[in-house]
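Predicted model, plus sequence, below.
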Amino acid sequence: MTSNCDIESRLAAVRERIAAAAARAGRKAEEITLVGVAKRKPPELIVAAVRAGLRDLAENYVQEASAKIPAVTAELEGAGLAVPRWHFVGQLQRNKARYVARLFDVVACVDRESLGAELERRAELEDRQLDALLQVNLSGEAQKGGVEPGALAALLEASARWSRLRVVGLMSVPAATADPEDSRPAFAQLRELRDGLRGKPGAEHLSELSMGMTGDFEIAIEEGATIVRVGTAIFGPRSDA
């Protein structure tokens with residue numbers, strides 16, 4: 001079972017790996033946001049991670065987050081600690097958009113205009129401003145969310161009509177592979193897609209690249225990731241939950 005001490009040491013080790021990967025790419029570690037993916041993990045481990053300096057947390061499931069985020073927030077505020085920035089990274093149906101607009105600060109899975117429009121409407125009702133990432137399906141796998149690369153520019157242009165939902169970058173999950181190096185072409189492709197969209201309608205804030213997880217985040221950083229989503233390397237295997 002993962003302990004609070006394990007969280008602190010694991011987080012430090014991940015930060016060291018981020019710094020080393022950034023150095024290899026001629027970048028600064030401060031350019032990369034580490035997001036701790038806390039799905040199926042109890043609030044006490046999340047609080048421990050925040051105490052250890054983690055400022056961004058992610059959840060995949062709306063129902064789980066609906067109970068967990070208020071519990072974590074209450075404990076942190078009770079201890080006089082700042083609450084983290086919450087990212088939603090799972091596949092999202094429109095009927096759950098109201099909960100995401102209420103609970104989260106960043107939505108990393110916008111892959112269609114109808115979903116973005118519903119998040120925009122819900123954010124307006126909640127009087128909130130949300131950052132969004134457009135999820136791109138680079139692998140062509142039907143079970144994964146994401147807009148096809150050829151339809152990305154149209155989705156970005158549609159996002160220019162949203163005032164409560166600010167598109168700040170792109171996100172992708174490459175095909176699973178045993179060798180992290182095999183993900184490098186997909187990471188490079190996402191970077192090229194972002195760079196090719198600069199100057200297009202809706203691209204005023206398009207700077208972030210969310211790519212790379214526990215098994216391949218160092219490769220992602222070398223290819224330009226500005227956000228990495230790390231779960232197991234911080235919180236331990238999911239069976240710990």
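Sure thing, it's come through. Since we're looking at a predicted model, the values are computed, not measured. Numbering: from 1, shown residues only.

quick one: which helix or strand includes the nearest residue to Thr73 once chain neighbours are set aside?
Nearest non-adjacent residue to Thr73, counting by C-beta to C-beta, 6 or more residues apart in numbering: Val83, 5.1 Å away. Placement of C-beta: from N, CA and C, glycine included. Using DSSP states H and E, Val83 maps to neither a helix nor a strand.

Could you give the number of residues near Val83?
By other C-beta atoms under 10 Å, 16 other residues sit near Val83.

Doesn't Leu57 belong to a strand?
Yes: with DSSP: H, G, I helix; E, B strand; the rest coil as the criterion, Leu57 is located in a strand.

partners of it in the sheet?
Beta-bridge pairing for Leu57 (DSSP bridges): Gly36, Trp86.

show me the contacts for it.
Residues in contact with Leu57 (C-beta atoms under 8 Å, 6 or more residues apart in numbering) are 35-38, 46, 49-50, 72, 84-87.

Drop anything exposed from these.
35-38, 46, 49-50, 72, 84, 86-87 (16 or more other C-beta atoms under 10 Å).

which stretches of this structure form strands?
Using DSSP state E, the strands found in the chain span residues 33-37, 56-59, 85-88, 106-110, 130-135, 165-171, 208-210, 227-230.

Any chance of JSON lines for these, columns mean pLDDT and distance to Ala21?
Converted to JSON lines, the strands of the chain look like this (pLDDT from 0 to 100; distance: least, C-beta to C-beta, whole Å):
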{"stretch": "strand 33-37", "mean pLDDT": "98", "distance to Ala21": "12"}
{"stretch": "strand 56-59", "mean pLDDT": "98", "distance to Ala21": "18"}
{"stretch": "strand 85-88", "mean pLDDT": "98", "distance to Ala21": "20"}
{"stretch": "strand 106-110", "mean pLDDT": "97", "distance to Ala21": "21"}
{"stretch": "strand 130-135", "mean pLDDT": "98", "distance to Ala21": "21"}
{"stretch": "strand 165-171", "mean pLDDT": "98", "distance to Ala21": "19"}
{"stretch": "strand 208-210", "mean pLDDT": "98", "distance to Ala21": "14"}
{"stretch": "strand 227-230", "mean pLDDT": "98", "distance to Ala21": "9"}
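
for these, which one sits closest to Gly196?
Gly196 sits nearest to strand 165-171 of all the strands of the chain, at 10.8 Å, using C-beta to C-beta.

What strands line up against the closest one, and which way round?
When DSSP bridges is applied, strand 165-171 pairs with strand 130-135 (parallel), strand 208-210 (parallel).

what sits up against the longest one?
By C-beta under 8 Å, 6+ apart, the list of residues contacting strand 130-135 from outside reads 101, 104-111, 116, 119, 123, 145-147, 152, 155-156, 159, 164-172, 208, 210.
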